[in-house]
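# give me coordinates for this.
(chains A and B)
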Amino acid sequence: MLSGEQSSASGPGSTAGEYEGQAPATRTPTHFLRKVLGRPVVVKLNNGTEYRGTLVCLDGYLNIVLENSAEFLNGELKRRYGDTLLRGSNVLYVGTIPD
Amino acid sequence: MAAHANQPSLYPLELVDAAVGTRVWIILRGAREFCGILRGFDEYVNLFLEDVDEYTYSEEGIEKQHIAQMFLNGSQICVLAAAPTLDGSQQLGCAYVPSSTT
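Residues are numbered from 1 along each chain as shown, chains lettered A, B, ... in the order given. Have a look, this model is predicted:
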């Protein structure tokens, strides 16, 4: 997944000219994930559980390691963890948190 | 196929490509929807969204949450449509111009 960034917006007949001077690679989901490495993020799982913490690393399966993480259920803080691995198959989204 | 021979062909991901930069409405499996500006996507239709509102529907009502930038997993996406605007002018893929007509 992480190696697939070049394939974005390059479908048959794609209007590549639109992206001139816009560096399309910076707009792909993959590039966004690279950009937020080391930053505080919110990760929501398919079951609705939210984890907030610092994004330490991730892989192509979207397995995610968080640092100083907290678990939220329905917006309520449930538990705090040090390091957490979130298995990629459960990840719904990764979002930024305003500092 | 013959009946469509005169029409410009448009692959599904071309439509998504044409929607880049516009506000889109995304309906997921389960009672969850997102509305945000589409900035990018990949072959799995994982999305990179900005200025996103997340809507979660439950028996208690609708919960709304704002997220500045997000990576959205494509595996849960059911529908991607143009977000409604007041004048109704915005259509998904309105920036798309078939190459055969230019």
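
# low-confidence ranges, the chain, go.
You didn't say which chain, so I picked chain A. Low-confidence segments of chain A (pLDDT under 70): A:1-26.

# let's do chain B instead
B:1-5, B:8, B:85-102.

# hmm, try it at 90
Low-confidence segments of chain B (pLDDT under 90): B:1-12, B:14-15, B:18, B:30-31, B:58-60, B:82-102.

# contact residues of it facing chain A?
Contacts of chain B with chain A, taken as CB under 8 Å from any CB of the partner chain, map to B:9, B:11, B:13-14, B:17-18, B:20, B:28, B:30, B:32, B:39-44, B:46-48, B:52, B:56, B:63, B:67-73, B:76, B:95-97, B:99. In short, each C-beta sits where N, CA and C put it, glycine included.

# do that again at 7 Å, thanks
Residues of chain B found near chain A (CB under 7 Å from any CB of the partner chain) are B:11, B:13-14, B:17, B:20, B:39-44, B:46-48, B:67-73, B:76, B:99.

# what distance do you get for the most centrally placed residue in chain B to chain A?
Centroid-nearest residue in chain B, with CA atoms, centre = their mean: residue B:80, separated by 3.5 Å. Distance of residue B:80 to chain A, given as CB to the nearest CB, to the nearest Å: 14 Å.

# just residue B:51 next, same as before
Following CB to the nearest CB, the distance that separates residue B:51 from chain A is 11 Å.

# what sits against that residue?
The contact partners of residue B:51, by CB atoms under 7 Å, 6 or more residues apart in numbering or on different chains, come to B:36-37, B:68.

# in which helix or strand does it reside?
Using DSSP states H and E, residue B:51 maps to strand B:47-58.

# so the residue nearest to the centre of chain B touches residue B:28, yeah?
No - using CB atoms under 7 Å, residue B:80 is not in contact with residue B:28, being 10.2 Å away.

# just the helices in chain B please.
Along chain B, the segments classed as helices by DSSP state H run B:12-18.

# rewinding a little: write the PyMOL selection for whichever of the contacts of residue B:51 are buried.
Those of the contacts of residue B:51 that count as buried under 16 or more other CB atoms under 10 Å in any protein chain shown are selected in PyMOL with:
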select buried, chain B and resi 36+37
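
# now, which of the contacts of residue B:51 sits nearest chain A?
Checking the contacts of residue B:51 against chain A with CB to the nearest CB, the nearest one is residue B:68 at 5.0 Å.

# okay, now the domains of chain A?
With domains defined by automatic domain parsing, chain A comprises A:1-34, A:36-99.

# adding mean neighbour count and distance to chain B, write these out as JSON lines.
As requested, the domains of chain A are arranged in JSON lines below (neighbours: other CB atoms under 10 Å in any protein chain shown; distance: least, CB to the nearest CB, whole Å):
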{"stretch": "domain A:1-34", "mean neighbour count": "16", "distance to chain B": "4"}
{"stretch": "domain A:36-99", "mean neighbour count": "16", "distance to chain B": "4"}
